[in-house]
Each structure stands twice: as structure tokens, then as C-alpha cells.
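In: I would like the atomic coordinates for the input below:
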Amino acid sequence: MSTYVIGDLQGCYDPLRRLLDLLHFNPAEDRLWFAGDLVNRGPQSLLTLRYVRGLGSAALTVLGNHDLHLLAVANGGRKGKRDTLEEVLTAPDRDELLDWLRRQPLLQESGDGNTALLHAGLPPQWDLATARACAREVEAVLRSDDYLELLKHMYGDEPLTWDASLSGIRRLRFIVNCYTRLRYCDREGRADFGPKGAPGTQGEGLLPWFAIPQRRSRGTTLLFGHWSTLGRIYWPDDDVYGLDTGAVWGGKLTALRLEDRSLSAVESPRYSDIE
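Out: All right, here's what the predicted structure looks like:
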């Protein structure tokens with residue numbers, strides 16, 4: 001049995017199937033963990049959702065910003081100019097797919113507790129126990145009858161710094177933003193959601209979230225997606241793997257086998273030009 005962690009799909013269904021063929025994936029024995037952003041920008045979001053959901057217990061995905069955006073748009077939110085979600089929104093099984101999607105986690109941990117998967121990042125103030133508790137807070141709301149209120153108010157950057165006394169939508173928005181959007185923080189742990197480029201291109205005083213010296217989640221191997229411009233997959237000094245290798249932008253779709261940390265990848269066509 002193998003567990004494969006796969007980077008952002010963003011509707012790239014054909015590359016996914018080629019990658020699974022390369023891995024000789026057997027759903028009766030193997031497991032797939034997806035790093036979020038199953039949908040949007042690529043051309044096959046509906047096929048991707050149907051396939052991953054149809055794998056049942058053989059697959060799970062953490063939620064990414066594009067997944068939450070799909071849920072928001074489906075419930076009256078504003079569409080983005082480059083969205084490719086219409087096929088999902090008009091599908092006869094859209095309600096079943098969306099209900100399944102909103103019940104996926106923000107954080108997935110390995111059985112031994114030494115490895116965790118998330119879409120984007122963790123603020124340096126969180127240890128893994130805090131990260132887990134915060135993820136469960138948002139997941140509980142998404143799975144409740146109150147989820148529409150969260151989807152309506154989750155957009156926006158503020159607040160930028162964690163405070164355990166945060167409450168209500170500001171607390172939930174901060175958690176969502178870190179799990180689905182975070183790339184850079186300053187040395188005091190204040191998030192900056194603007195820069196998207198590779199390390200070395202950011203403004204003065206900013207570091208990748210995983211490189212903040214006082215990051216309290218150190219000691220756990222962290223797997224994430226979201227950051228296609230990162231430039232390399234493994235950062236050994238920080239024990240993190242960035243698995244978004246830009247499939248939708250003409251890069252590769254990458255899988256990490258948890259058991260031996262081996263990497264496999266397939267080339268992908270360029271489906272979109274601008275992130």
C-alpha cells in the first residue's frame with residue numbers, strides 16, 4: 001500500500017490520469033492525498049471533482065482557495081474573470097459534488113503524527129496542536145448550516161496577525177487565509193498576502209512562512225501546494241515539501257510517495273497564462 005500526495009490539480013484531469021498510470025495507482029490498495037485546489041483555471045474541473053469524489057475512501061483533499069471560491073460562487077458569490085467553473089455550476093450533480101467538497105478538511109495528518117498536509121501555510125505562532133484546533137473550527141462551520149455566512153465574509157486580508165482572542169468572522173477569516181493563501185510573513189509573524197513570486201523576489205523583511213525562525217510548527221514534516229513559483233520542491237532546512245509544480249501553467253503535476261519520499265511527475269499542457 002502506498003500513499004501519494006499530489007499537488008494542485010486545478011481542473012487538470014488528463015495529467016492526473018497520466019500521473020496515476022505512471023504510479024500504477026490501485027484504489028483497492030493505495031491512497032491519494034490532494035493538496036487542494038482541485039478546480040478552476042484548468043478545463044476539466046467537473047471531471048476532476050467527479051473522479052476524486054468517486055474514489056471514496058481511497059482519496060481525500062484538503063481545501064484550497066479555489067475550492068472555497070467555487071463554494072462561494074455556487075452560493076451567490078462574485079465570479080472571477082478567469083474562472084473556469086461554469087461546467088461544475090451547471091452540472092446535474094453539482095449539489096452532491098459541492099456538499100462533498102465543503103466537508104473536506106483543511107489539515108490532514110499521517111497516522112504517526114509526523115507529517116501533515118495543508119494547502120498553503122501556517123502562521124509562525126501556531127504549533128501543530130493549535131493548527132489542528134483552528135482547522136477543526138473552520139471545518140465545523142463549513143459542515144454546519146452556518147457555512148453560507150462564512151463563505152459570504154471570508155474574502156479580505158484582515159486581520160494579518162494571529163491573536164488567540166480573535167473571534168467571529170475575523171478569527172475564521174484569518175484561519176482560512178493562512179490555510180489557503182499564505183506565502184510570506186515578516187519576522188514578527190505578520191502575514192503579507194500580496195507577493196506571489198519565488199523566494200528572493202519578495203519585499204524587504206519578508207520570509208516564506210516556513211522559514212520564519214520562530215515557527216512553532218517545526219518538528220513536523222509539512223506538505224503543501226498553492227505556491228507554483230516556489231522554485232523547488234523540498235526545503236530540507238525547514239522540512240517542508242511544496243508540491244504545486246504549476247500543472248495548470250504548463251509545468252508538471254507532481255506526486256510524493258509518503259513511504260519513501262520519492263517523487264514522480266508528468267508534464268502538463270499550459271491551460272492558463274495568469275495566476
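In: drop to CA atoms for contacts and neighbour counts, all remaining ones
Out: OK.
In: where along this protein do the helices fall?
Out: 13-23, 45-54, 65-74, 86-89, 94-101, 128-142, 147-153, 168-181 (DSSP state H).
In: do you know which of those helices lies nearest residue 248?
Out: Comparing the helices of the chain against residue 248 with CA to CA, the closest turns out to be helix 13-23 (9.6 Å).
In: For the closest residue to residue 210 other than its chain neighbours, give its distance to residue 84.
Out: Nearest non-adjacent residue to residue 210, counting by CA to CA, 6 or more residues apart in numbering: residue 238, 6.5 Å away. Residue 238 sits 35 Å away from residue 84, going by CA to CA, to the nearest Å.
In: Between those two, point out the one with more neighbours.
Out: residue 84 (21 against 17; other CA atoms under 10 Å).
In: State the pLDDT value of the residue nearest to residue 210.
Out: If you check residue 238, the pLDDT there is 97.
In: is it true that it touches residue 218?
Out: Yes - using CA atoms under 8 Å, residue 238 is in contact with residue 218, at 7.3 Å.
In: still on that earlier bit, CSV for the helices of the chain, including distance to residue 199 and mean neighbour count?
Out: Formatted as CSV, the helices of the chain follow (distance: least, CA to CA, whole Å; neighbours: other CA atoms under 10 Å):
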stretch, distance to residue 199, mean neighbour count
helix 13-23, 27, 17
helix 45-54, 30, 18
helix 65-74, 21, 21
helix 86-89, 34, 18
helix 94-101, 31, 16
helix 128-142, 24, 17
helix 147-153, 30, 16
helix 168-181, 16, 21
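In: can you tell me which residues contact the most centrally placed residue in the chain?
Out: Most central in the chain under CA atoms, centre = their mean is residue 119, positioned 2.3 Å from the mean C-alpha point. Contact analysis of residue 119 by CA atoms under 8 Å, 6 or more residues apart in numbering lists 35-37, 62-64, 106, 179-181, 224-226.
In: can you pull the pLDDT of it?
Out: pLDDT, residue 119: 98.
In: separation between it and residue 252?
Out: Separation of residue 119 from residue 252 (CA to CA): 17 Å.
In: Residue 1 now?
Out: 24 Å.
In: quick one, which of the two is more surrounded?
Out: Between residue 1 and residue 252, counted using other CA under 10 Å, residue 252 has the larger neighbour count: 23 against 11.
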